[in-house]
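Chemist: I'll drop the sequence and a predicted model, then ask my questions.
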Amino acid sequence: MISQPKFSKLSKGNLRMFDDFEMDDDNGEANVADLAADEADIIQPPKLSSTLYSHEGIEKQLLSLYNTDRLPHGLIFSGARGIGKCTFAYRLARFLLKNRDEGGGLFGDDAPKQANSLEISREDNVFAQLASGANLDFKIIEPDLKPNSQQKRDVIDVAQIRSLSKFLKMKASHEGGWRVAVIDDADLMNRNAQNALLKVLEEPPKKTVIILVCHRLGAMLPTIRSRTQVFKFAPLEESIITEMIEKQNSAISSDDLDIILSMANGSLGRALNLAEPQAYEILSDLKDTLSPWPKLNWPAIHLLSERFASNKDDITAYIFKEYMLWLFAECIKTKVNRSFVGENWLKAMTANYDLKQLMTMQDELKQHFIRVEQGNLDHVHFYLGAFFLLPTGQ
């Protein structure tokens with residue numbers, strides 16, 4: 001199965017800033033130099049990011065709960081990939097670990113200090129401790145790496161959750177302090193792992209917060225959802241994504257920007273992946289190849305498929321698959337609500353077929369990718385077979 005790949009330029013920055021591109025930045029300690037990174041560099045991995053992009057409403061809700069001593073021990077941050085959920089989880093974790101015995105009226109203070117922001121300075125020791133993995137009161141759980149690979153497994157197993165139980169049984173390093181755990185890609189927990197987590201949520205230690213970063217809320221057991229408070233993160237506004245893309249790649253045309261925004265669907269991480277030079281070059285090749293539709297140049301398509309296959313990297317395959325599936329998704333969206341983003345040839349293809357035909361083509365394309373990935377078939381067939389599934393216009 002082709003998962004989110006590591007992009008050469010973005011694997012330590014843009015990919016992981018908005019979570020959940022679920023490529024870990026080396027899955028280890030942060031370089032101290034990273035902590036001094038210029039904020040103009042824009043995108044940082046979640047553990048290094050100090051900037052809040054949108055989601056101010058959720059921050060206000062959490063501050064209100066904290067200030068009134070009603071912060072739940074279990075939180076689910078739910079929403080699409082790449083919109084900042086894991087970044088926000090680190091933001092909340094830093095705040096709690098910094099304010100270990102302040103605010104919220106937790107100790108019956110006559111006039112408890114009311115927090116009005118979750119922001120913690122990059123210069124603060126707590127910020128550096130979480131970034132380097134040195135804070136004893138914080139634990140991050142995420143899918144392990146595959147053996148001899150930089151790709152993550154597609155499951156979180158029960159052994160990882162049992163390690164969380166051991167962590168929570170330990171006393172906080174400071175009297176009256178919080179202990180915070182973040183489970184990234186929480187929807188990848190298998191049934192046994194979720195059942196083990198359920199036991200933790202039923203009897204949580206005092207001053208403990210467990211944050212589940214979840215992309216598919218329906219994959220979580222109903223009993224887990226009932227014992228946590230769900231915060232639904234909305235896709236980011238296009239103006240925010242546009243600003244970031246233009247800072248990363250100022251050479252992108254307005255037409256291409258519209259396509260990237262449509263493909264990203266509110267995910268900054270996804271948009272920055274697509275705007276990254278290597279990915280952008282692949283998109284440009286695909287657009288140039290398909291623009292003569294329905295009179296496609298099949299010798300050129302064969303050559304392009306062979307070139308893509310010769311790369312033998314996950315990035316090319318991932319971008320190709322995303323773009324091809326987006327084509328049909330855009331055609332279907334156009335049929336349904338008459339809005340359109342894309343090239344004139346795509347508009348013509350949409351007009352040439354009814355909704356049922358387009359949905360059938362989209363399903364056939366999805367099945368093609370599944371067959372090739374599961375069957376470990378020839379790389380050229382992955383690309384060429386997808387081109388063959390395009391309608392002929394006849």
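Modeler: Structure received. Keep in mind it's a predicted model, so treat the numbers as computed, not measured.

Chemist: strands of this protein, start to end?
Modeler: 74-78, 138-141, 179-184, 208-214, 229-232 (DSSP state E).

Chemist: what about the fourth one, average pLDDT?
Modeler: Pointing back at strand 208-214 there. Mean pLDDT, strand 208-214: 97.

Chemist: and what of stretch 352-365?
Modeler: Across stretch 352-365, the average pLDDT comes to 92.

Chemist: ditto for stretch 145-161
Modeler: The pLDDT scores in stretch 145-161 average 85.

Chemist: now swap in stretch 116-132 and tell me
Modeler: The predicted model assigns stretch 116-132 a mean pLDDT of 94.

Chemist: just stretch 74-92 next, same as before
Modeler: What stretch 74-92 shows for mean pLDDT is 95.

Chemist: what about dumping the CA coordinates of that stretch to PDB?
Modeler: The C-alpha coordinates for stretch 74-92 follow below in PDB (Å, rounded to 0.1, in the frame of the first residue of the first chain):
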ATOM      1  CA  GLY A  74      -9.100  12.100  27.600                       C
ATOM      2  CA  LEU A  75      -9.200  14.300  24.500                       C
ATOM      3  CA  ILE A  76      -9.700  13.300  20.800                       C
ATOM      4  CA  PHE A  77      -8.400  15.700  18.200                       C
ATOM      5  CA  SER A  78     -10.300  14.700  15.100                       C
ATOM      6  CA  GLY A  79     -10.100  15.900  11.500                       C
ATOM      7  CA  ALA A  80      -8.400  15.500   8.200                       C
ATOM      8  CA  ARG A  81      -4.700  14.900   7.900                       C
ATOM      9  CA  GLY A  82      -2.400  17.900   7.600                       C
ATOM     10  CA  ILE A  83      -4.500  20.500   9.400                       C
ATOM     11  CA  GLY A  84      -2.500  20.900  12.600                       C
ATOM     12  CA  LYS A  85      -3.900  18.400  15.100                       C
ATOM     13  CA  CYS A  86      -0.600  17.000  16.300                       C
ATOM     14  CA  THR A  87       0.900  20.400  16.300                       C
ATOM     15  CA  PHE A  88      -1.900  21.600  18.600                       C
ATOM     16  CA  ALA A  89      -1.400  18.500  20.800                       C
ATOM     17  CA  TYR A  90       2.200  19.500  21.400                       C
ATOM     18  CA  ARG A  91       1.000  23.100  22.100                       C
ATOM     19  CA  LEU A  92      -1.400  21.900  24.800                       C
END
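
Chemist: pull the distance from it to the chain's centre.
Modeler: Stretch 74-92 has its C-alpha centroid displaced from the chain centroid by 9 Å (Cα atoms, centre = their mean, to the nearest Å).

Chemist: just stretch 50-58 next, same as before
Modeler: Distance, stretch centre to chain centre, for stretch 50-58: 16 Å (Cα atoms, centre = their mean).

Chemist: give the buried residues for it.
Modeler: Buried positions in stretch 50-58, judged by neighbour count with 16 or more other Cβ atoms under 10 Å: 50, 52-55, 58. In this view, the C-beta of every residue, glycine as well, is placed from N, C-alpha and C.

Chemist: and the end-to-end length of that stretch?
Modeler: Start-to-end span of stretch 50-58 (Cα to Cα, to the nearest Å) is 16 Å.

Chemist: show me where the stretch 101-250 of the chain has helices.
Modeler: 125-132, 158-169, 191-202, 222-226, 238-248 (DSSP state H, counting those that start in this stretch).
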